[in-house]
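Student: sequence and predicted structure, then a few things I'm wondering about:
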Amino acid sequence: MDYIKEKLITIGRPQAELVKKIQKEHGDKVIQEVTLDQVFSGMRGVVSLLTCTSKLDPDEGIRFRGYSIPELREKLPKINEDGEPLPEGLFLSDVAWRASHER
């Protein structure tokens, strides 16, 4: 478990510092105009969150590291074969993905 904690700190601290820097330098900049129709129709096409692990496609829905939610439900570890994936499974798959892409 210490390896995972160390990995998170190694990944997270530089990212947190970058976010602070961007907010300080550019926090008052407007990035998109939003209409009331977009708000009432589920925010389709509105950029409202920065993330490198997932993408919310207005037509396909959310994808994590390129996988749709149904694909992840099939791939991630479960306690029971017919049950839902473990929440930790997504976290561990992300750590494994990062490790495999660092080489």
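Tutor: Great, that's in hand. Computed from a predicted model, the values in this text were never measured in an experiment.

Student: quick one: the helices in the protein?
Tutor: For the chain, the helices defined by DSSP state H occupy 2-26, 36-40, 69-75, 87-101.

Student: looking at the ones you listed, which is nearest to residue 50?
Tutor: For residue 50, the closest of these is helix 2-26, at 8.1 Å, according to Cβ to Cβ. Where C-beta positions appear, they are placed from N, C-alpha and C, glycine not excepted.

Student: show me what that closest one packs onto, helices and strands only.
Tutor: Applying 3 or more Cβ pairs under 8 Å, 6 or more residues apart in numbering; DSSP states H and E, we find helix 2-26 packed against helix 87-101.

Student: now do residue 11: how many residues are near it, please.
Tutor: Residue neighbour count, defined by other Cβ atoms under 10 Å, stands at 14 for residue 11.

Student: what's the answer for the one 3 residues further on, then?
Tutor: Residues near residue 14, counting by other Cβ under 10 Å, number 10.

Student: from residue 8, how far off is it?
Tutor: Distance check for residue 14 against residue 8: by Cβ to Cβ, to the nearest Å, it reads 12 Å.

Student: out of the helices of the chain, nearest to residue 55?
Tutor: Residue 55 lies closest, by Cβ to Cβ, to one member of the helices of the chain: helix 69-75, at 12.1 Å.

Student: off-centre distance for that closest one?
Tutor: Distance of helix 69-75 from the chain centroid (Cα atoms, centre = their mean, to the nearest Å) equals 15 Å.

Student: now do the buried residues in it.
Tutor: Across helix 69-75, burial judged by 16 or more other Cβ atoms under 10 Å covers residue 72.

Student: now that helix: average pLDDT?
Tutor: For helix 69-75, mean pLDDT is 85.
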